[in-house]
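A.B. asks: Return atomic coordinates for the entry below.
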Amino acid sequence: YRSASRSGGGRGAAPPAAAPGAPDDWGHGHVHDGSPHGGFYTRTEVRRIVAHAAERHITVVPEIELPGHAQAAIAAYPWLGAGRPDLPVATRWGISPHLLAPSEEVLAFLGDVFGEVADQFPAPYVHVGGDECPPDAWAVHSRARMRVLGASKPDDLRGWFIDQVAERLDGLGRTPLYWYDGAPRSRDAIAVAWQGGDGGLSAAHAGATVIRAPHTQTYLDYRPSADSRRGTGLVLDLDTAHRFQVVPPGADSTVADRFLGGQAQLWTEYAPDRETRDALLLPRLPAVADALWRGQDPARADAFAMALAPLTAALTAAGFGSHEGPDPDEGGADAHPGPAR
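C.D. replies: Alright, predicted model coming up:
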């Protein structure tokens, strides 16, 4: 599948002055610099990254998005898409209306992809995406397939995809994770609860294991303060990040043990350089880590406050910045409300 990297691995130049809310901007209001972007990792580079991380006790978990967020793959191989659309690689971030087709041909492709992924990444987990799939393309192009599969509505195909991939990953000795957005999709995959008012409770009650990643407390691409020009969308301040807890309110003893842990995210389309990445990560990432480590310790806020000054000094001495530094004068993403993910 060489076209997946050769043509699917690069996007053309986005017009630099897209108006907020323009139809081709999917409502995000991003400012673009008009530059093309792309590239891919060779097997040697992947192995080097995995080994470098392992030496530091870090496990690299790959994510292969499906059945949405797959426009680059569909652009490389139109037969992967519902309706076989002829598409370019998207030049805008956000939710694409184009989905993988629920076909045996696509499942064979995914089996090959995950076989390669499992060979390159020894992690026991593989993330498979699974969210932000507007079902319109399936409603138009996949009705016959829905009848064969017994799907009552197009959105049911999301769970079908995750279950099919989970079966293939199980054969490779891997456990799938998927983005939980309020509705359980599979009992065989770990739900990463980033959205949904129940904090992952529905998935836990359905028997699934849950990793908590509520975007209002763990999305580090969000602005660290109301007046910050770094980041995008909502404000996620340091105190809010530190109040994160793995087991959501309302979880009783029958499901509390199904919450495996927590996760923080930095979507780097909002962080085009290291200075911005440092400013968005620090010190909010240590705050989330401290919350995970201390759990419900009532003294954790005071303990973290005492640790913050020496931690900041150590990070500064090591060459890292913090979100207290000056905002950039120009460049990068603006502060228009964007997608949660």
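
A.B. asks: C-alpha only now, for contacts and for neighbours.
C.D. replies: Noted.

A.B. asks: Show me what the helix or strand where residue 290 lies is packed up against.
C.D. replies: Following DSSP states H and E, one finds residue 290 within helix 284-294. With contacts taken as 3 or more Cα pairs under 8 Å, 6 or more residues apart in numbering; DSSP states H and E, helix 284-294 sits against helix 238-242, helix 300-317.

A.B. asks: Which of those helices has the highest mean neighbour count?
C.D. replies: Among those, helix 238-242 has the highest mean neighbour count (mean count of other Cα atoms under 10 Å), at a mean of 19.

A.B. asks: which other helices and strands contact that helix?
C.D. replies: For helix 238-242, the packing partners by 3+ Cα pairs under 8 Å, 6+ apart come out as helix 215-218, helix 284-294.

A.B. asks: which residue packs closest to residue 259, ignoring adjacent ones?
C.D. replies: Once flanking residues are discounted, residue 259 sits nearest to residue 210: 4.7 Å by Cα to Cα, 6 or more residues apart in numbering.

A.B. asks: before we move on, the earlier item: what angle separates the helix holding residue 290 from helix 300-317?
C.D. replies: Per axes from the mean of the first three to the mean of the last three Cα atoms, to 10 degrees, the angle that helix 284-294 makes with helix 300-317 is 140 degrees.

A.B. asks: residues of helix 284-294 that come out buried?
C.D. replies: Neighbour counts over helix 284-294 (16 or more other Cα atoms under 10 Å) mark 284, 285, 286, 287, 288, 289, 290, 291, 292 as buried.

A.B. asks: so residue 109 is in which element?
C.D. replies: Element membership of residue 109 [criterion: DSSP H and E] is helix 104-120.

A.B. asks: If you could redo that for residue 127, that was the one I meant.
C.D. replies: Assigned by DSSP H and E, residue 127 belongs to strand 125-129.

A.B. asks: for residue 279, same thing?
C.D. replies: Using DSSP H and E, residue 279 maps to helix 274-281.

A.B. asks: picking up where we left off before, just put the helices and strands packed on helix 284-294 in JSON lines and tack on distance to residue 148 and mean pLDDT.
C.D. replies: Putting the helices and strands packed on helix 284-294 into JSON lines (distance: least, Cα to Cα, whole Å; pLDDT from 0 to 100) gives the following:
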{"stretch": "helix 238-242", "distance to residue 148": "46", "mean pLDDT": "95"}
{"stretch": "helix 300-317", "distance to residue 148": "54", "mean pLDDT": "91"}
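
A.B. asks: Adding distance to residue 168, write those out as a markdown table.
C.D. replies: Output for these, formatted as a markdown table (distance: least, Cα to Cα, whole Å):
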| stretch | distance to residue 168 |
| --- | --- |
| helix 238-242 | 36 |
| helix 300-317 | 42 |
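
A.B. asks: For the nearest residue to residue 43 once chain neighbours are set aside, which residues are in contact?
C.D. replies: Distances taken as Cα to Cα, 6+ apart put residue 120 closest to residue 43, at 7.1 Å, once the chain neighbours are dropped. Residue 120 makes contact with 43, 46, 47, according to Cα atoms under 8 Å, 6 or more residues apart in numbering.

A.B. asks: Equivalent analysis for residue 256, please.
C.D. replies: Residues near residue 256 by Cα under 8 Å, 6+ apart: residue 247.
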